[in-house]
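Pasting the sequence and the predicted model now:
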Amino acid sequence: MSDKYRIVSSLGTGNSSEVFLAEHRKLKAQRAVKCIKKTANPIQPHFRLEADLLKNLKHPGIPTIYDVEEDDENYYIIEEYIQGQSLEAYVLRQDCISIDTAVHLALQICDVIKYLHEQTPEPIIYQDLKPEHIILCGKRIVLIDFGISSYITTDGNTFQNFGTEGFAPPEKYQGIPCDLRADIYGIGKIMAFMASRMPAGEFQYLKPFIEKAAAYSREERYPSIEALEADLNGLLKVGNQNHQHEQNKHLLTEIAVAGTQKRVGTTHFSISLACFLNQRHRRCIYQEYHHSDCMRLLAKEDGGYMRKDGMVAYERFRGFPYYGEGIAKWEQEAKIHIQDYGVYAKELSEETKKLIVVMGSRPWEMEQTKNLLEKIHMRSHLVLVCNYGNSVMAKMTARMYHHRVYCFPLDEDPFRMTGEKRKFFQKLLRQEGW
């Protein structure tokens, strides 16, 4: 490989190739370098086809190829370095995946595969769809490793015997040339993999589409990616209609607030948000969902008191201490509930409500912040807030997870609405559509 690249580290090794992280010496830009041994058979003849495939593809879900090189021992494909985690790693770290998340991810995969199938003059079949070949970059998916992809021709393709057990379609093991429906089978198996972390009730809604996409006989599968997309979009539409029905039925907005760890300002933020909403005449109640003396101490402050029904009042603020499950009886007191969970809890993995995660930005807090975000950054209705006015950390986190991050200003009194806080909450509510 030419000396314009500096090898940084190894990213992974296969039977006949290795992928390295490299740096372009002049541009100071990171690249992924796939190194393929010239002695490796039968992969070697396919090297040129992989390079040819990638160099002509332009899609946000496909890595950009920058260069192709060779020396006496190896071929090299230099391409965009995709930073993120595999879909396999993401799913295995989840306690629960909602049907919305699974369908949105499946639709993104469909979009990339449809782009390949629409190539002219000959469609491209990917052939090796599996969770470890899908990288999550924030909320964007990128498909990597086109090592056994090929064009569809009248003679079929010569690489039909490659694939991954459990995700490759049956025809690969029957000596039958693959067609576009092989990729549809792969999408069905990926949906099944995501469904393994889905609540049983939600899985039943997705099950018919999984079974049709991953049918043993390719004649029984979806005839095209567009047909699968249509069914998945229909499922989302029905889900949104049901969600809207529930919203209209209860006329209640629940906003859960949780911190990445203790003492990152979750309660301070929650009280501030409740005060802001009440000052704007949007009736709001703060509720403790964890054991704390905060509300009881507030009732003893000058101007604070506890009502007979157990609610604490302080100026325009209204809140309930943690009473366990009994808090449900106060639902009609206000139409917006700010639920302070303290630290992120497993029950919040269910995507049933809006969730604000307050992140600490001090150096000793960053590891726990990263560990949590790796698990939940794909969650729907998620708002990330970086505390202490640390705009540098907010921007860094936004770039890392491709997710909007709000920077909550330094603040001393959660009950006082400064101009800076007012602008912050106005922006948050406007951009989130709340």
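That came through fine. Residues are numbered from 1 along each chain as shown.

Could you pull up phi and psi at the spatially most central residue of the chain?
Centroid check for the chain by CA atoms, centre = their mean gives Met378 as the closest residue, at 2.2 Å. Main-chain torsions, Met378, degrees, to the nearest 10: phi -90, psi 0.

wait, isn't it in contact with Cys137?
No - with contact defined as CB atoms under 8 Å, Met378 does not count as touching Cys137 (10.8 Å). Any C-beta I mention is one placed from the backbone N, CA and C, and that applies to glycine too.

Distance-wise, check the residue nearest to the centre of the chain relative to His268.
27 Å (CB to CB, to the nearest Å).

Distance of the closest residue to Met295 other than its chain neighbours relative to Lys395?
Nearest non-adjacent residue to Met295, counting by CB to CB, 6 or more residues apart in numbering: Pro321, 3.9 Å away. Counting by CB to CB, the gap between Pro321 and Lys395 amounts to 37 Å.

which one of the two has more residues nearby?
Pro321 (20 against 13; other CB atoms under 10 Å).

and stretch 214-223, how far from the chain's centre?
Mean-position distance between stretch 214-223 and its chain equals 29 Å (CA atoms, centre = their mean, to the nearest Å).

ends of it, how far apart?
Terminal residues of stretch 214-223 lie 12 Å apart, using CA to CA, to the nearest Å.

can you give me the mean pLDDT across that stretch?
Across stretch 214-223, pLDDT averages out at 95.

Got phi/psi on the closest residue to Val343 other than its chain neighbours?
Spatial nearest neighbour of Val343, excluding adjacent residues (CB to CB, 6+ apart): Gly259 at 5.4 Å. Geometry field for Gly259 lists phi and psi as phi -100, psi 160, criterion degrees, to the nearest 10.

Need the pLDDT of Gly259.
Predicted confidence (pLDDT) for Gly259: 95.

Okay, it and Ala215: tell me how far apart.
Distance from Gly259 to Ala215, by CB to CB: 46 Å.

in what helix or strand does the closest residue to Cys294 other than its chain neighbours lie?
Leaving aside its sequence neighbours, Cys294 sits nearest to Thr267 (CB to CB, 6+ apart; 5.7 Å). Using DSSP states H and E, the element containing Thr267 is helix 266-279.

May I have that helix as PDB, with CA atoms only?
Output in PDB follows, covering the C-alpha atoms of helix 266-279 (Å, rounded to 0.1, in the frame of the first residue of the first chain):
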ATOM      1  CA  THR A 266     -32.100  15.200  36.800                       C
ATOM      2  CA  THR A 267     -34.300  16.600  39.500                       C
ATOM      3  CA  HIS A 268     -33.100  20.100  39.000                       C
ATOM      4  CA  PHE A 269     -33.900  19.900  35.200                       C
ATOM      5  CA  SER A 270     -37.300  18.200  35.800                       C
ATOM      6  CA  ILE A 271     -38.400  20.900  38.300                       C
ATOM      7  CA  SER A 272     -37.200  23.700  35.900                       C
ATOM      8  CA  LEU A 273     -39.200  22.200  33.000                       C
ATOM      9  CA  ALA A 274     -42.300  21.900  35.100                       C
ATOM     10  CA  CYS A 275     -42.000  25.500  36.300                       C
ATOM     11  CA  PHE A 276     -41.500  26.700  32.700                       C
ATOM     12  CA  LEU A 277     -44.600  24.900  31.400                       C
ATOM     13  CA  ASN A 278     -46.800  26.200  34.300                       C
ATOM     14  CA  GLN A 279     -45.600  29.700  33.700                       C
END
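
Next secondary structure after that helix?
The C-terminal neighbour of helix 266-279 among helices and strands, as given by DSSP H and E, is strand 284-288.

does the residue lying farthest from the centre of the chain count as helix, strand or coil?
Most distant from the centre of the chain: Asp302, at 45.5 Å, with distances by CA atoms, centre = their mean. Following DSSP: H, G, I helix; E, B strand; the rest coil, Asp302 is assigned to coil.

distance of it from Tyr314?
Taking CB to CB, one finds Asp302 at 9 Å from Tyr314.

so what's the nearest residue to Lys58 once chain neighbours are set aside scoring on pLDDT?
Leaving out its chain neighbours, the residue that sits closest to Lys58 by CB to CB, 6+ apart is Thr64, at 7.8 Å. pLDDT recorded at Thr64 is 89.

May I have the phi/psi pair for Thr64?
phi -80, psi 130.

need the contact list for it.
Residues near Thr64 by CB atoms under 8 Å, 6 or more residues apart in numbering: Lys58, Glu79, Glu80.

returning to what we had before: which strands or helices does the helix holding Thr267 pack on?
strand 253-259, strand 284-288, strand 317-320, strand 336-343, strand 354-359, helix 419-432 (3 or more CB pairs under 8 Å, 6 or more residues apart in numbering; DSSP states H and E).

Show me how far that helix is from its chain's centre.
27 Å.

go on, stretch 390-410?
The chain centre lies 17 Å from the centre of stretch 390-410; the measure is CA atoms, centre = their mean.

now stretch 341-359
Relative to the chain's own centre, stretch 341-359 is displaced by 15 Å; criterion: CA atoms, centre = their mean.

pull the CA atoms of it into PDB?
Extracted C-alpha coordinates of stretch 341-359, given in PDB (Å, rounded to 0.1, in the frame of the first residue of the first chain):
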ATOM      1  CA  TYR A 341     -36.900   8.700  37.500                       C
ATOM      2  CA  GLY A 342     -33.600   9.900  39.000                       C
ATOM      3  CA  VAL A 343     -31.300   7.400  37.200                       C
ATOM      4  CA  TYR A 344     -32.300   5.600  34.000                       C
ATOM      5  CA  ALA A 345     -34.300   2.500  34.800                       C
ATOM      6  CA  LYS A 346     -35.000  -0.700  32.800                       C
ATOM      7  CA  GLU A 347     -38.800   0.000  32.500                       C
ATOM      8  CA  LEU A 348     -37.900   3.100  30.400                       C
ATOM      9  CA  SER A 349     -36.700   0.700  27.600                       C
ATOM     10  CA  GLU A 350     -40.400   0.400  26.700                       C
ATOM     11  CA  GLU A 351     -41.000   3.200  24.100                       C
ATOM     12  CA  THR A 352     -44.300   4.300  25.500                       C
ATOM     13  CA  LYS A 353     -43.600   7.800  26.400                       C
ATOM     14  CA  LYS A 354     -41.300  10.700  25.700                       C
ATOM     15  CA  LEU A 355     -37.900  10.400  27.400                       C
ATOM     16  CA  ILE A 356     -35.400  13.100  28.300                       C
ATOM     17  CA  VAL A 357     -32.000  11.800  29.300                       C
ATOM     18  CA  VAL A 358     -29.800  14.200  31.300                       C
ATOM     19  CA  MET A 359     -26.100  13.600  30.800                       C
END
